[in-house]
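> A structural model of the following input is requested.
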Amino acid sequence: MALTLADVARIAHLARLDIDATEAQAVHAKLESIFALIDALDTVDTAGVEPMAHAQDTAMPLRDDVVTETDQHALFQRGAPAVTDGLYLVPRVVE
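Below is the predicted model:
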């Protein structure tokens with residue numbers, strides 16, 4: 001599929017970009033080179049290559065799952081207008 005200047009104008013309109021004819025020519029050339037690169041990548045044989053999440057085989061360092069904060073539940077609820085059994089009470093908004 002070849003990209004035309006009309007396609008570039010439509011893309012610019014959808015992106016809310018105001019480009020003139022000279023800029024449209026430059027954008028057209030850049031997009032054509034990008035599509036050519038994509039076509040070149042499509043020719044690469046990837047049979048047997050497993051997908052990977054990262055280019056390097058590294059793992060994120062993990063930390064122990066331990067509690068580091070103290071329980072401040074009562075402190076936070078002290079400023080609430082209404083609390084019952086540890087739950088915040090709010091006015092009914094849907095009838």
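> How about the secondary structure of the residue nearest the centre of the chain?
The centre of the chain sits closest to A53, judged by CA atoms, centre = their mean, with a distance of 15.4 Å. Judged by DSSP: H, G, I helix; E, B strand; the rest coil, the three-state class of A53 is coil.
> And it, its phi and psi?
phi -90, psi -20 (degrees, to the nearest 10).
> What are the boundaries of the helices in this protein?
Along the chain, the segments classed as helices by DSSP state H run 5-14, 21-42, 73-77.
> which of these is buried the deepest?
Of all these, helix 5-14 carries the top mean neighbour count, a mean of 13, counting by mean count of other CB atoms under 10 Å. C-beta here means a position set from N, CA and C on the backbone, and glycine is covered the same way.
> counting contacts, what elements does that one pack onto?
Packed against helix 5-14 by the contact rule (3 or more CB pairs under 8 Å, 6 or more residues apart in numbering; DSSP states H and E) you find helix 21-42.
> Please work out the angle formed by the directions of the helix it packs on and helix 5-14.
Computed by axes from the mean of the first three to the mean of the last three CA atoms, to 10 degrees, the angle separating helix 21-42 from helix 5-14 equals 100 degrees.
> V94: how many residues sit nearby?
Burial measure for V94: 3 neighbouring residues, criterion other CB atoms under 10 Å.
> Which among the helices of the chain is found nearest to L87?
helix 73-77 (9.0 Å; CB to CB).
> Tell me how far the closest one lies from the chain's centre.
If you compare the mean C-alpha spot of helix 73-77 with that of the full chain, they lie 36 Å apart, counting by CA atoms, centre = their mean, to the nearest Å.
> Same check on stretch 12-23?
Using CA atoms, centre = their mean, the mean C-alpha position of stretch 12-23 is found 25 Å from that of the whole chain.
> And for stretch 77-88?
Taking the mean of its C-alpha atoms, stretch 77-88 sits 37 Å from the chain's own mean (CA atoms, centre = their mean).
> And stretch 59-79, by the same measure?
On CA atoms, centre = their mean, the centre of stretch 59-79 falls 28 Å from that of its chain.
> And for it, what's in contact with it?
With contact meaning CB atoms under 8 Å, 6 or more residues apart in numbering, stretch 59-79 is reached by 83, 86, 88.
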